[in-house]
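A.B. asks: generate a structure from the sequence data that follows.
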Amino acid sequence: MENWLITIQDITEKILTKRKRRKLRQRKKQQAKHPVLDWIEAFIWAAGVVLLINQYLFQAYQIPSGSMIDTLLIKDHIFVNKIIFGPELIPGKFKVPSVFKPQRNDVMIFENPSYISKGPVFDIVQRILYMLTLSLVDIDKDENGNPKPHFLIKRAVAVGGDSIRFIEGEV
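C.D. replies: Numbers count the residues shown, from 1 in each chain. From the prediction side, this is the model:
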């Protein structure tokens with residue numbers, strides 16, 4: 001019986017000693033790290049988390065035009081829930097299907113069909129910068145210095161199967 005207790009005690013001491021040594025090594029490694037590198041590492045981790053949240057959960061957008069002036073003003077900032085209608089796994093390529101379907105009068109955000117890209121590398125850099133700054137910095141500007149509307153924000157006036165008519169410019 002006593003041998004059994006000694007064996008358990010030895011195993012416990014080895015495990016605790018190993019854990020303490022590992023924590024001591026981690027602490028020494030952290031102390032040896034240059035403070036600037038530590039800040040850079042923390043920023044990279046934070047940026048990665050922000051990008052993941054923006055890509056799959058929700059994202060900040062800035063209202064580009066006055067088409068929804070009764071509800072949203074130009075340059076207003078809004079957060080968009082990306083989970084409701086399914087987030088994009090690969091931007092612009094593959095979207096996760098959702099159980100929810102857009103309803104009439106929902107506010108929708110979609111890519112501007114008339115947007116002319118400056119190339120895929122510029123688009124990626126612009127979107128990352130836009131996401132990291134929570135839509136405060138947009139490097140994609142027109143000749144007048146105004147942000148180009150890459151995404152449009154509109155209200156859904158119809159859903160699949162609806163018929164709509166325009167009478168003197170009114171829906």
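A.B. asks: give the residue spans of the chain that score low on pLDDT.
C.D. replies: Scanning the chain for pLDDT under 70 picks out 1, 91-92.
A.B. asks: would you map the helices across it?
C.D. replies: 2-32, 35-56, 120-132 (DSSP state H).
A.B. asks: got a list of contacts for the second one?
C.D. replies: The list of residues contacting helix 35-56 from outside it, by CB atoms under 8 Å, 6 or more residues apart in numbering, reads 30, 59-60, 82-83, 87-88, 91, 128, 131-132. (C-beta placed from N, C-alpha, C; glycine too.)
A.B. asks: show me which of those are buried.
C.D. replies: Using 16 or more other CB atoms under 10 Å as the burial test, the contacts of helix 35-56 include 59, 82, 87, 131-132 as buried.
A.B. asks: for Glu143, see how far away Asn81 is.
C.D. replies: Going from Asn81 to Glu143 by CB to CB, to the nearest Å gives 34 Å.
A.B. asks: those two: which is more packed in?
C.D. replies: Set Asn81 next to Glu143 and count neighbours by other CB atoms under 10 Å: Asn81 wins out with 10 against 6.
A.B. asks: burial measure for the closest residue in space to that one that isn't next to it in sequence, as a count.
C.D. replies: Once flanking residues are discounted, Asn81 sits nearest to Phe58: 5.3 Å by CB to CB, 6 or more residues apart in numbering. Per other CB under 10 Å, the neighbour tally for Phe58 reads 14.
A.B. asks: do Gly161 as well
C.D. replies: The tally of other residues near Gly161 (other CB under 10 Å) stands at 5.
A.B. asks: now the one 5 residues further on
C.D. replies: Using other CB under 10 Å, Phe166 is surrounded by 7 other residues.
A.B. asks: any idea how far stretch 90-102 is from the chain center?
C.D. replies: 15 Å (CA atoms, centre = their mean, to the nearest Å).
A.B. asks: let me fix that: stretch 144-156
C.D. replies: With CA atoms, centre = their mean, you get 18 Å for stretch 144-156.
A.B. asks: span of it from start to end?
C.D. replies: For stretch 144-156, the first-to-last residue distance is 30 Å (CA to CA, to the nearest Å).
A.B. asks: quick check: the residue nearest to Asn81 vs Asp76, distance?
C.D. replies: Where Asp76 is concerned, Phe58 sits at a distance of 16 Å (CB to CB).
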